[in-house]
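Student: The sequence isn't on hand, but the structure is:
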């Protein structure tokens, strides 16, 4: 996994990762690999909290393509808050419950890596980018996903976002 040579602000990169992680969660029921059952469209909203105590809403739309018997995930995700928008391309691979992957934000040319562990209905992830590390928990239940992200760096504090499978 490569890191970008450009040095965007940590706050911008961390807010970008909120959008990335929202789309990385498992779906229930699970048959096959960790990402089995995710194909298709997802959308939702949540709140980003900054270390100064302020918060902002965020909305996301994602498209998932699952391969490798449910062990490979390619996704595109677009998110917007009142101040910024993000466009991501993400690739994740799972093997024996271990997850490795990469992410790239297209408009800012920021990229990094993802690692962690996954099981039915829950992922524990570490997301890395230029100058920061974030911890994320993604849980899923009956066509819904919830992301909780924490990364006290660059003015970012936490985020909570919920997604629903498109109909």
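Tutor: That came through fine. What you see is a predicted model; the values in this text were computed from it and never measured.
Student: What about residue 141, how many residues nearby?
Tutor: If you count neighbours by other C-beta atoms under 10 Å, residue 141 ends up with 12. Placement of C-beta: from N, CA and C, glycine included.
Student: was I right about it contacting residue 121?
Tutor: Yes. Judged on C-beta atoms under 8 Å, residue 141 makes contact with residue 121 at a distance of 6.4 Å.
Student: list the helices and strands the strand or helix carrying residue 146 packs on?
Tutor: Per DSSP states H and E, residue 146 falls inside strand 144-153. Under the contact criterion of 3 or more C-beta pairs under 8 Å, 6 or more residues apart in numbering; DSSP states H and E, strand 144-153 touches helix 10-22, strand 40-50, strand 132-141, strand 156-165.
Student: Which one of the ones you listed lies nearest to residue 104?
Tutor: helix 10-22 (9.3 Å; C-beta to C-beta).
Student: how about low-confidence regions in this structure?
Tutor: 1-31, 120, 167 (pLDDT under 70).
Student: for the residue in it sticking out farthest from the centre, what are its contacts?
Tutor: Among residues of the chain, the one most distant from the C-alpha centroid is residue 52; the distance is 23.2 Å, by C-alpha atoms, centre = their mean. Taking C-beta atoms under 8 Å, 6 or more residues apart in numbering, we find residue 52 in contact with residue 155.
Student: separation between it and residue 157?
Tutor: 9 Å (C-beta to C-beta, to the nearest Å).
Student: ok, now residue 139?
Tutor: Going from residue 139 to residue 157 by C-beta to C-beta gives 20 Å.
Student: Among those two, which residue is more densely surrounded?
Tutor: Counted by other C-beta under 10 Å, residue 139 and residue 157 do not tie: residue 157 has more neighbours, with 18 against 15.
Student: That one and residue 150 touch, don't they?
Tutor: Yes. Residue 157 is in contact with residue 150 according to C-beta under 8 Å; the separation is 7.4 Å.
Student: on contacts alone, who are the packing partners of the strand ranked longest in the chain?
Tutor: The residue-count maximum for a strand in the chain (DSSP state E) belongs to strand 55-67. Judged by 3+ C-beta pairs under 8 Å, 6+ apart, strand 55-67 is in contact with helix 10-22, strand 40-50, strand 72-80, strand 156-165.
Student: All set, thanks.
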